[in-house]
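Asker: Got a predicted structure plus its sequence, pasted below:
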Amino acid sequence: MEISVLSKKLWCIHKQLILLFTPLVFLPLLFTLPEKEGKCLYVVVLMATFWCTEALPLAVTAMLPVCLFPTLGILPSKKVCPQYFLETNFLFLSGLVMASSIEEWGLHRRIALKVLSIVGVKPAWLIMGMMMTSSFLSMWLSNTATTAMMLPIANAILESLFGDLETLKEKCKSKDDPEVDIINGTFAAFSS
């Protein structure tokens, strides 16, 4: 019984314990390997541990080389910092920021409703509408950002067609509902 209580208490602070003990456990790497290689391996192993356990937020873990490389004398900050500000990184960042702003202001719902009103609800036409929207967006954004923007649009289309997820599950259970035909792939209700 006491072991169970102790393990629960330790689990509550496991991230703090990882933050405290991981640098101490891997400290021998600094002294047993050649100077720069050992220090670099120390930072890499430390980051890998923090990344896998999420003891620190991933954004903080990703920024550790900016702090640790100059501090440990591996590389000067003039060589480390520019690697974080490459053009491709800003391309991804700007696309993801645009995707989140589109979702914040509800533009994804407007796009979804416009696609539905233009192409209708037939699956082939709906897929074509999604493909056209994706191709239009990918003219100006990276593919990753386009995918990030299309996900809320696709969710909005599904919500406008079928309602929320719980409603969709309930409709799938009832056989008398005409919308079940849409979900199951028979489109007798909309063909007329």
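Answerer: Received the coordinates, thanks. Numbering: from 1, shown residues only.
Asker: center of this structure, which residue is that?
Answerer: Per Cα atoms, centre = their mean, the C-alpha nearest to the average position across the chain is that of residue 148, at 8.6 Å.
Asker: That one is in contact with residue 96, isn't it?
Answerer: Yes: counting by Cβ atoms under 8 Å, residue 148 does reach residue 96; the two are 5.5 Å apart. All C-beta atoms are positioned from the backbone trio N, CA, C, and that covers glycine.
Asker: any idea how far residue 7 is from residue 13?
Answerer: Counting by Cβ to Cβ, to the nearest Å, the separation of residue 7 from residue 13 is 11 Å.
Asker: circling back: which one is the residue nearest to the centre of the chain nearest to, not counting chain neighbours?
Answerer: In this structure, residue 148 finds its nearest non-sequential neighbour in residue 99, 4.0 Å apart by Cβ to Cβ, 6 or more residues apart in numbering.
Asker: what's the spacing between that neighbour and residue 105?
Answerer: Taking Cβ to Cβ as the measure, residue 99 falls 11 Å from residue 105.
Asker: now the helix or strand hosting residue 21, how far from the chain's geometric center?
Answerer: When elements are assigned from DSSP states H and E, residue 21 belongs to helix 14-25. Average the C-alpha atoms of helix 14-25, do the same for its chain, and the two points are 26 Å apart (Cα atoms, centre = their mean, to the nearest Å).
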